[in-house]
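Participant: after the sequence you'll find the predicted model.
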Amino acid sequence: EIVLTQSPGTLSLSPGERATLSCRASQSVSSSYLAWYQQTPGQAPRLLIYGTSSRASGIPDRFSGSGSGTDFTLTISRLEPEDFAVYYCQHYGNSPYSFGQGTKLEIK
Amino acid sequence: EVQLVESGGGLVQPGGSLRLSCAASGFTFSSYSMNWVRQAPGKGLEWVSHISSSSKTIYYADSVKGRFTISRDNAKNSLYLQINSLRAEDTAVYYCARAPSGTYSRFDPWGQGTLVTVSS
């Protein structure tokens, strides 16, 4: 089973700043099967990025993903007020489809 | 518009059973794999189960294997999760999610979830 560890647990930034979220896998994974989701309070998760770097439909280009092997990154270039949420990475290349524990992005 | 609507959650005693449903609309349900994911109160996401479009491929998380059963009725555009022998740790919001690219696929979109509370 692949374990995903996200860091930091909480990230405090201001609107307009750049956010960098990390996801580390317990073993090397194919970049084709790494996704990022955003969840705001009381809402279902929403797909942001899949295949490490492909943006889902309707996702603004301030969101980007990168990485390979065991280290993956979600970058939000300039934070908007609506971006403050919890972010999860996910590996879906084999069962079980594991999620990271999440990074909470909060307003500083 | 692609839509997934879960139902069937509620308060159940430990050891009890529930059947969750997910009604799909806005896409050809029979062509897509589906998943269940749960989220305990204040916690992160936990994948629960996967079923392929034809029901030939089914996976479960170890934490629910033997107690949960995933199924689908393509004629009714519906996904189900039968949950038995419920425990307090099964208390969570249960989401269904579509897998656009088969068995090894991102999850998109997700339903709004249905809350299962296990308590005496």
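Facilitator: Received it, and whenever you're ready, just let me know what you need.

Participant: residue contacts, the residue positioned nearest the centre of chain A?
Facilitator: Centroid check for chain A by C-alpha atoms, centre = their mean gives A:W36 as the closest residue, at 3.8 Å. By C-beta atoms under 8 Å, 6 or more residues apart in numbering or on different chains, the contact list for A:W36 reads A:21, A:23, A:47-50, A:65, A:74, A:87-90. All C-beta spots, glycine's among them, are computed from the backbone N, C-alpha and C.

Participant: and the pLDDT for the closest residue in space to A:S53 that isn't next to it in sequence?
Facilitator: Sequence neighbours aside, A:G65 is the residue nearest to A:S53 in space, at 4.6 Å (criterion: C-beta to C-beta, 6 or more residues apart in numbering or on different chains). A:G65 is assigned 98 on the pLDDT scale.

Participant: thought A:G65 was touching A:T73?
Facilitator: Yes - in terms of C-beta atoms under 8 Å, A:G65 counts as a neighbour of A:T73; the distance is 6.9 Å.

Participant: neighbour count: these two, which is higher?
Facilitator: More neighbours surround A:G65 than the other of A:G65 and A:T73, with 23 against 17 (other C-beta atoms under 10 Å in any protein chain shown).

Participant: for that one, give me phi and psi.
Facilitator: Main-chain dihedrals, A:G65, degrees, to the nearest 10: phi -130, psi 150.

Participant: how far away is the closest residue to B:Q13 other than its chain neighbours from B:D90?
Facilitator: Spatially, and ignoring its direct neighbours in sequence, B:Q13 is nearest to B:S120 (5.3 Å; C-beta to C-beta, 6+ apart). The gap separating B:S120 from B:D90 is 14 Å, by C-beta to C-beta, to the nearest Å.
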